[in-house]
Structure formats: structure tokens, C-alpha cells
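1. Here is a sequence together with a model predicted from it:
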Amino acid sequence: MQKLTIKKGYRFRMAGAPADDLIVLPAPARVAVLPERVPHIKPRLLVKKGDQVQIGSPLFEDKRNPRFKFLSPGGGTIHDISFGPRRVIQAIVIDRKETPEPETRFQAVTENQLAQIERQELVDRILDGGMWWAFRELPFRDLPAPDGEPPFILISLNAKEPFQPSPAVYLKDQEQLLAYGLKALNVLAPGKVRVFADASESSVIEKAGQWLTHVVSGNYPCDDPATVLYRIKSDASQNRAWFVAGQDLLALAHLLREGRYPIRRVVAVAGSAAPDRRHCHIRLGAPLSQMVEDARLHGGERFVVGGLFRGYSSDSDGYVGFYETAVNVVPEGGEPEFLALFNPGVSRPSYSRTFLSRLNPKALVYNCNMHGDLRACIACMHCADVCPVDLLPQMIYKSILAEEVEEYLELGLLDCVECGLCSYVCPSKIELSRTFIATKAAYAKEQAVKPD
Ligand code: SF4
Ligand code: SF4
């Protein structure tokens, strides 16, 4: 087991962490899948309003590769299919049939069969079982081509982005499933599976046992697969590594071992404005209103689904997508402050040393207030100071604005792990990371990108 220390990044002292207890919520009357939240794909609908579906029925496929299918987390009737601008498919909503909920069964793979199964057969089982979405390929975080063997498959058991589910909670009593999942990954990429956990999580390190290859120390986003890859790769041929999130690996293992489409998800409900901060065991695709009741909010809150730095804003009538495992409820902020100019900012979160909060050891309340508009870059270098992969974000940003493709590639845009820290620390409110993500996506779309 190797030790990795990532020196850059940022340690947040943020109020609103979820408690470690796990509440099992009942299956909701309605669930949904959100095609627009799966990056890069071009969805083609396979159902229409009023159709009857089972748990595990295909709802849509990716036009780029029809073998990438996305299955229903509920059995019942298609209640609605909502579209956004330019006919983007936003949500496929399913009214669940109460008991017995119809379910499609798949062929299970026993532990013994797993030891002998051919790679191609396992790939076919995962594709047919609608779980290929669990794999994503760096640097674009797109679904990988099934026929190629990756240089690494990276598994991060933690997620240091505030506030993702604690691995001690979602891995509880799941050790055997985790071990099975890791054996399955070893069939796909023998000897190339890299499993890492945060050095502070001793119970997780113990659970992962013999499978753990790296223990990572540092601040957010030291445990991101792309950050780890940046440290462990030996040459550019390893850039196109795959990664699987800890909970997605459990879901994949469940599909293969039980022959049933996985519908279990542990979601952290957190944020300083959340009425109950806890872990919830939910049905995949559950409505946000099941986790946070509107009646218990005071008004002036924002829902951030999927993580405070990589997630997206939603109304309380939204749903949890395939990849999201956190729902944060954050105050909007922006209320007028009495004599704000004379406030030393003891409780005001800030990366800079302007405020006395730097000396305050307590967890601070973050809100959505930007405290000002976009301004010109002042070359303060805060963005470069926190970048975990040693980029110069302000230089990349300028190259993107100048449409200097060669230059921003040379400056390492494709190494960006999309952590959002540079945007957070920028005193000029420049949306660096969002620009980088959009530019990477446009590059992935327009070019036949080859490993460099
Ligand atoms: S450029 Fe910004 S978003 Fe990308 S890795 Fe660096 S800090 Fe994170
Ligand atoms: S943090 Fe913002 S203002 Fe400072 S160098 Fe980076 S882009 Fe410029």
C-alpha cells in the first residue's frame, strides 16, 4: 500500500455536516431518471408517456453507442417525459406500482463463475444490465468504449467534497459486496485496479483491507480519481484511465451478483439550512422533497444536488440522478448587513486573509451570495495556489478566451480535475472551472481525441 500526499487543495471548515446515522426512507410513489445530468451522452428515448415499465426496463439509450442503456429504477407507468430548451430530455418520471412492483431479472454471476468468466462476457453482462454508466473515462469523464482495456481502473472510496456520504456509512455491512465488485473489475483490467481511501478514515482502510493500493492525505480534492492519476501515472499513455465511484461499484456488484438492477442509494442530506442533516437510504431516482420537506424550510434556501462544488442548483421538486449522492440545502444569503464595512468578518468564510475568520477555528456558515460581480483578473495567483494538479488556471482561462487551442492544451487543460476550487477562491468572481468544463466538453465533442 502506497502513501500519497497531495499538498494543494483546500480544507473547508463548513457548517452543516450530516450526522452518521442512516435513515431508511420508504420507496416514493414517483421516481425519475434525468438524462440531461449524464454528461456527454446523446439520449434516444425508448419509452413514451403511458408505457408500462419494470425495474430494469430500458428507458433510453445513448445514440453514440446504443449498447449504453439506462434502465428504470421503478416499476409502473411512465407518468411524464419533460423536455428543456432544444428538446433536451430533462426527466423521465415513473409512477411506481405498489406491490408487487414488476422487475426484470438478469443472469447472476456467482463468485466461482467470476473467477473463470471471459472479459468480453462480463462486459456484455454489464452493458445488458444497464450499468455501464458506472464507468467513466478520464480526462473527459465520459462513458468509455467497452472494447478497450484501460491503463487503470481507479476507485475512490471517499469523496471529500462537502458533503458527500461518509464511506463508513455507505460501506457498512457491504464489505463482501465491495470485495466481489473489485474482483469483477480485476476481470476487466487484471492487475490495473487502484483503490484508494483517505488517510483519516481508519475504519474504511480496514474494510477495504487487501484491496487498498493507496492511502491519500490532503485536502479537497486529494481523493479525486483524476488527482490521484496525475500523481501515479508514469506516462501519457495512462491518461485515459477509467474510474468508478465507491457507491457505483457496490451497485455494479449488486447487478452482477444478484442479477437484479440496483436501486439502493445512500444520499447525504446536509448544508446549514437543511432541517435534518443525516444520511438517507433512498430509492435511486427519488424526489428531493422526500428527503427535505418544503414545509420545514424557512424560505430563502437553495438546493444543490450532487456536491457543493460539482453539483447543480435545483428546486425541491427535482429528483436524484444516476451519479448524485448528496443534497445540500444552503442559505441564499444576500441579506443587508448592518454596518457591513466595519464587520471584521469573524464568521465570514473567505480564502483570502482579509477577514478575521482566518483565525476562527469553528465551522462557518456558507451561503450562495457572490459578494460582488465579475471583475478583471488581478493576477493574485490564488487559483494556482489551490489547484491540485499544478495548473495555472488564469493562463488557461486567457488562452480559452483567445481561442488558442494549442496553448490551453499545452497549459494542461485536460489535466483539470473539474474540482471548482479555482472559481471558489477567485476574488474577481471569474467562473474559471465552469469555463474549463465547457471547453473540455466542446473539445471532446469536436475532436476525435486520441491518447496523447
Ligand atoms: S484548474 Fe481549477 S477546476 Fe481545474 S483542477 Fe485546477 S483548481 Fe480544480
Ligand atoms: S484567482 Fe482570479 S484574480 Fe486571482 S489570478 Fe486567478 S483568475 Fe486572476
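-> Right, received. Where do you want to start? Ligands and ions are numbered 1, 2, ... in the order given.

2. how far does stretch 269-283 sit from the chain's center?
-> Computed by C-alpha atoms, centre = their mean, to the nearest Å, the chain-centroid distance of stretch 269-283 equals 17 Å.

3. Same question for stretch 376-387.
-> The answer for stretch 376-387 is 25 Å, by C-alpha atoms, centre = their mean.

4. now it: mean pLDDT?
-> On average, the pLDDT along stretch 376-387 is 96.

5. Kindly report the same for stretch 228-245.
-> pLDDT averaged over stretch 228-245 gives 96.

6. before we move on, what about stretch 128-135?
-> The average pLDDT for stretch 128-135 rounds to 98.

7. And the contacts of that stretch?
-> Contact with stretch 128-135 is made by 38, 56, 58, 67-71, 106, 126, 143-144, 146, 153, 242-245, 248-249, 251-252, 255-256, 261-262, 322-323, as judged by C-beta atoms under 8 Å, 6 or more residues apart in numbering. (Each C-beta comes from the backbone N, C-alpha and C, glycine too.)

8. Please repeat the previous calculation with a cut-off of 6 Å.
-> For stretch 128-135, the external contacting residues (C-beta atoms under 6 Å, 6 or more residues apart in numbering) are 68-69, 71, 106, 126, 143-144, 242, 244, 248, 252, 255, 322.

9. Ok, stretch 280-287 next?
-> 22-25, 27-28, 31-33, 73, 263, 265-267, 269, 291, 319-320.

10. Give the buried subset of the residues you listed as a ChimeraX selection command.
-> To isolate the buried members of those in ChimeraX, using 16 or more other C-beta atoms under 10 Å:
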select :22,27,28,31,32,33,73,263,265,266,267,269,291,319,320
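
11. for ligand 2, what are the nearby residues on the stretch 251-400 of the chain?
-> Selection of the stretch 251-400 of the chain residues close to ligand 2 by C-beta under 6 Å from any ligand atom yields C377, I378, A379, C380, M381, H382, C383, P393, Q394.

12. Let's verify the residue nearest to the second one when sequence neighbours are not counted: helix, strand, or coil?
-> Ranked by C-beta to C-beta, 6 or more residues apart in numbering and with sequence neighbours excluded, the top spatial neighbour of I378 is S428, at 6.0 Å. The local conformation at S428, judged by DSSP: H, G, I helix; E, B strand; the rest coil, is coil.

13. How many residues are close by S428?
-> Using other C-beta atoms under 10 Å, S428 has 17 neighbouring residues.

14. what's the least confident helix or strand in the chain by mean pLDDT in contact with?
-> Ranked by mean pLDDT, DSSP states H and E, the weakest helix or strand in the chain is helix 202-208, scoring a mean of 83. Residues from elsewhere that reach helix 202-208 (C-beta under 6 Å, 6+ apart): L157, P167, A168, L171, E175, V195, A197.

15. end-to-end on stretch 233-253?
-> Terminal residues of stretch 233-253 are spaced 27 Å apart (C-alpha to C-alpha, to the nearest Å).

16. how about the least confident helix or strand of the chain: buried residues?
-> Of the residues in helix 202-208, V204, I205, K207, A208 count as buried by neighbour count, 16+ other C-beta under 10 Å.

17. Next SSE downstream of that helix?
-> Scanning forward in sequence from helix 202-208 by DSSP states H and E, the next helix or strand is strand 214-218.

18. ranges for the strands of the stretch 251-400 of the chain?
-> In the stretch 251-400 of the chain, the strands defined using DSSP state E, counting those that start in this stretch lie at 264-270, 278-283, 301-305, 312-314, 326-331.

19. Is it possible to get CSV of those strands that adds distance to V228 and mean pLDDT?
-> Below are the strands of the stretch 251-400 of the chain laid out as CSV (distance: least, C-beta to C-beta, whole Å; pLDDT from 0 to 100):
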stretch, distance to V228, mean pLDDT
strand 264-270, 22, 96
strand 278-283, 25, 97
strand 301-305, 25, 94
strand 312-314, 25, 93
strand 326-331, 20, 96
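
20. Distance check, V187 against ligand 2.
-> Using C-beta to the nearest ligand atom, to the nearest Å, V187 is found at 44 Å from ligand 2.

21. Figure out how far the host helix or strand of that residue is from the centre of its chain.
-> Assessed by DSSP H and E, V187 sits inside helix 175-188. Distance of helix 175-188 from the chain centroid (C-alpha atoms, centre = their mean) equals 21 Å.

22. Does anything pack onto that helix? Which helices or strands?
-> With contacts taken as 3 or more C-beta pairs under 6 Å, 6 or more residues apart in numbering; DSSP states H and E, helix 175-188 sits against helix 246-258.

23. give me that answer again for 8 Å
-> helix 111-116, helix 119-128, strand 153-156, strand 193-198, helix 202-208, helix 246-258 (3 or more C-beta pairs under 8 Å, 6 or more residues apart in numbering; DSSP states H and E).

24. and the fourth one with helix 175-188, angle?
-> Here strand 193-198 points in a direction 140 degrees away from that of helix 175-188 (axes from the mean of the first three to the mean of the last three C-alpha atoms, to 10 degrees).

25. close enough to count as contact, R125 and A108?
-> No - at 9.3 Å, R125 does not count as touching A108 under the criterion of C-beta atoms under 8 Å.

26. Export the helices and strands packed on helix 175-188 as TSV, with columns for distance to ligand 1.
-> Output for the helices and strands packed on helix 175-188, formatted as TSV (distance: least, C-beta to the nearest ligand atom, whole Å):
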stretch	distance to ligand 1
helix 111-116	36
helix 119-128	30
strand 153-156	15
strand 193-198	18
helix 202-208	24
helix 246-258	21
